[in-house]
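In: The sequence isn't on hand, but the structure is:
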């Protein structure tokens, strides 16, 4: 019986543990604001050691199920993902006016990068992440936010902006930025006019940043969000402005994965 038990124990030890995606809310503070982020990771991966981390920044609607789903998708790829909270615990917008007011408190202000840095600090504080392999991604308002975070000098290997507002790189950004940049942009996104696009690319070129700017044919603003069409129907003023594009969603996600393979590869050896 003892021999059988020992043999069984050895056999069970040889069977790899079944991977499970772990998710949990994380409460934290920044500048007096009470925030609640969302952490997602594969416990089988983290059991093997520290993994690459990805900070995720939500659209102007707030930390909703859509962006939490993106964090879970990243966890399934093996990354430790933390979807930060820019607005405050439970603060969400359901109409463009409210969303614009919430996002407006950050635009053009140091608070945008500071609030994002607080989320990055939480990701690093998990102890699950290799600090040399950290990136940030963001959607719409979140895309602008990850640009601001990179320009502040945050220790990021790279950032990905999905249909984000474009923030030209200023003099401070040139001196501080450490991140490679991937911009995933809808080719017919009406939120960015040709003059803004030209000025943005000019700033990145003059700064000699390492960047890729990819446009997706026929894609409007919010092209990665499957709920964009319903939002446009509920808010007629957004018709023709936002819309879901399955092909652009799929292609931009694949472009992100290839980008991560590149920026994290040196540390993997």
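Out: Right, received. Where do you want to start? From a predicted model like this one, the values you see are computed outputs, not experimental measurements.
In: Please make it C-alpha for all contacts and neighbour counts, starting now.
Out: Will do.
In: same for whatever helix or strand residue 183 lives in, what does it pack against?
Out: Taking DSSP states H and E as the criterion, residue 183 maps to strand 180-186. Other elements packing on strand 180-186 under the criterion 3 or more CA pairs under 8 Å, 6 or more residues apart in numbering; DSSP states H and E are strand 158-162, strand 211-216, helix 246-268.
In: just these: most buried one?
Out: strand 158-162 (a mean of 29; mean count of other CA atoms under 10 Å).
In: Toward the C-terminus, what is the element adjacent to that one?
Out: helix 171-176.
In: Identify all contacting residues around that following helix.
Out: 150, 151, 152, 153, 207, 209 (CA atoms under 8 Å, 6 or more residues apart in numbering).
In: ok, now stretch 138-146?
Out: 56-60, 103, 112-113, 116, 136-137, 159-167, 221-222.
In: what ranges of this protein fall below the confidence cut-off?
Out: In the predicted model of the chain, residues 1-18, 266-269 satisfy pLDDT under 70.
In: where do the strands sit along it?
Out: 21-30, 33-42, 51-57, 80-83, 129-139, 158-162, 180-186, 211-216 (DSSP state E).
In: Neighbouring strands - and their directions - for the fifth one?
Out: When you say that, I think you mean strand 129-139. strand 51-57 (parallel), strand 158-162 (parallel) (DSSP bridges).
In: Put together TSV for these, with distance to residue 43 on each row.
Out: Converted to TSV, those look like this (distance: least, CA to CA, whole Å):
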stretch	distance to residue 43
strand 51-57	11
strand 158-162	24
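In: Mind checking these for the one nearest to residue 128?
Out: Closest approach to residue 128 among these is made by strand 51-57 (6.3 Å; CA to CA).
In: List the contacts of the closest one.
Out: 45, 67, 71, 74, 78-86, 116, 119-120, 123, 128-131, 133-139, 142-143, 145-146, 264.
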